[in-house]
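Peer 1: Starting from these lines, generate the structure:
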Amino acid sequence: MPTYKLTIEYEGTRYSGWQAQGNTQKTIQGHLLRAAQSVLGDVDIGGAGRTDAGVHAAAQVAHLRAHKALDIRKINDLLPHDIHIIRAERANDRFHARHDAVSRVYLYQISTRRSAFAKPFIWWIKDSLDVNAMSKAAATLAGRHDFSAFTDKRLKEEDSRIVVVERCELARDGDLILFRIEASHFLWKMVRKLTAFLVEIGRGNATPEEMAARLDANAANVEPTAPPSGLFLEAVTYRGETFGRPLEPIVPVIKR
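Peer 2: Below you'll find the predicted structure:
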């Protein structure tokens with residue numbers, strides 16, 4: 001069965017996440033399946049990452065297997081306004097979007113001002129934030145660490161706790177604070193837990209040294225979780241690919 005590599009963008013606000021469940025109407029994968037089946041008949045679609053409810057994607061990757069030639073224009077015509085296939089490429093018939101992925105890149109947008117336009121794509125923090133302290137803390141996350149303190153999941157003894165973070169950066173862009181992290185995989189809610197702790201550091205309620213100390217198997221779980229609204233799956237990379245997008249907003253907030 002011919003296989004295609006799809007790159008997809010979506011606004012996750014109205015959906016229960018990527019993964020198709022009982023009611024496929026409420027998931028990104030479910031809508032893609034229904035639209036593709038209407039055009040191509042029997043298909044198989046699998047994504048590179050299972051984004052949670054309310055989380056967005058600037059470039060989710062999925063594989064699509066079908067017996068017919070792919071026409072993404074026809075499929076896009078059947079998709080809701082907030083889901084769009086950016087491009088489709090013929091791939092090796094054994095290509096698997098999740099298993100073959102080398103890394104995932106997530107970007108979180110924190111806003112330092114209220115926005116009438118960007119509310120679904122930011123986390124607005126009213127308090128003054130120390131961006132330098134937050135940046136210092138973010139730098140400690142790069143490398144191989146135990147992130148079990150930064151997940152909501154009760155990990156079993158055999159579950160992986162170790163994540164190798166390839167890059168982690170935080171910078172200010174006008175009224176936005178951008179937090180980007182890249183790794184081969186992530187624990188459930190890990191990026192949102194890290195973001196929430198960085199905000200506490202920015203508020204002065206914690207220190208960069210406390211974040212570094214949490215990267216330990218015996219550390220207590222971090223309680224606060226950042227809302228999904230500010231989180232984007234920014235990119236998924238594969239063997240031979242590099243990610244070089246500048247650290248800049250996906251949905252900007254105009255500086256006032």
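
Peer 1: How many neighbouring residues does Leu141 have?
Peer 2: Neighbour count of Leu141, defined by other C-beta atoms under 10 Å: 23. Every C-beta, even on glycine, is put in place using the N, C-alpha and C of the backbone.

Peer 1: I'd assumed Glu182 was in contact with it.
Peer 2: No. Leu141 lies out of contact with Glu182 (C-beta atoms under 8 Å); the separation is 10.6 Å.

Peer 1: Flag every buried residue along stretch 55-67.
Peer 2: For stretch 55-67, the neighbour count (16 or more other C-beta atoms under 10 Å) marks Val55, His56, Ala57, Ala58, Ala59, Gln60, Val61, Ala62, His63, Leu64, Arg65, Ala66 as buried.

Peer 1: meant to ask about stretch 40-47, not that
Peer 2: Those would be Leu40, Val43, Ile45, Gly46, Gly47, for stretch 40-47 by 16+ other C-beta under 10 Å.

Peer 1: Those in strands, which ones?
Peer 2: Residues of the buried residues of stretch 40-47 located in strands (DSSP state E): Val43, Ile45, Gly46, Gly47.

Peer 1: Once you drop chain neighbours, what's closest to Leu129?
Peer 2: Spatial nearest neighbour of Leu129, chain neighbours left out: Gly202 (3.3 Å); criterion: C-beta to C-beta, 6 or more residues apart in numbering.

Peer 1: need the contact list for Arg167.
Peer 2: Ala142, Arg180, Ile181, Glu182 (C-beta atoms under 8 Å, 6 or more residues apart in numbering).

Peer 1: where do the contact lists of Leu141 and Glu182 overlap?
Peer 2: Joint contacts of Leu141 and Glu182 (C-beta under 8 Å, 6+ apart) are Val165, Cys168.

Peer 1: re earlier: so which of the buried residues of stretch 40-47 comes closest to Gly174?
Peer 2: Taking C-beta to C-beta as the measure, Gly174 lies nearest Gly47 of the buried residues of stretch 40-47, at 31.9 Å.

Peer 1: got a pLDDT number for the nearest residue to the closest one once chain neighbours are set aside?
Peer 2: Nearest non-adjacent residue to Gly47, counting by C-beta to C-beta, 6+ apart: Ala62, 4.6 Å away. Note for Ala62: predicted pLDDT of 98.

Peer 1: correct me, but Ala62 touches Leu32?
Peer 2: Yes. Contact between Ala62 and Leu32 holds when scored by C-beta under 8 Å: they sit 7.1 Å apart.

Peer 1: Return every residue with contacts to both of the two.
Peer 2: The contact sets of Ala62 and Leu32 overlap at Ile8, Ile45 (C-beta under 8 Å, 6+ apart).

Peer 1: before we move on, back to that, how much space separates the residue nearest to Gly47 from Trp188?
Peer 2: 20 Å (C-beta to C-beta, to the nearest Å).

Peer 1: who's in contact with Val164?
Peer 2: So Val164 contacts Gly143, Arg144, Ala183, Ser184 (C-beta under 8 Å, 6+ apart).

Peer 1: Check the residues you listed for burial and list the buried ones.
Peer 2: Using 16+ other C-beta under 10 Å, the buried ones in the contacts of Val164 are Ala183.

Peer 1: Count residues in the vicinity of Arg256, would you?
Peer 2: When neighbours are counted by other C-beta under 10 Å, Arg256 comes out with 8.

Peer 1: For it, list the residues it contacts.
Peer 2: Per C-beta under 8 Å, 6+ apart, neighbours of Arg256: Arg113, Asp175.

Peer 1: Equivalent analysis for Ile110, please.
Peer 2: Here Ile110 is in contact with Ile122, Trp123, Trp124, Ile125, Leu129, Leu176, Ile177, Leu178, Phe179, Thr195, Val199, Gly230 (C-beta under 8 Å, 6+ apart).
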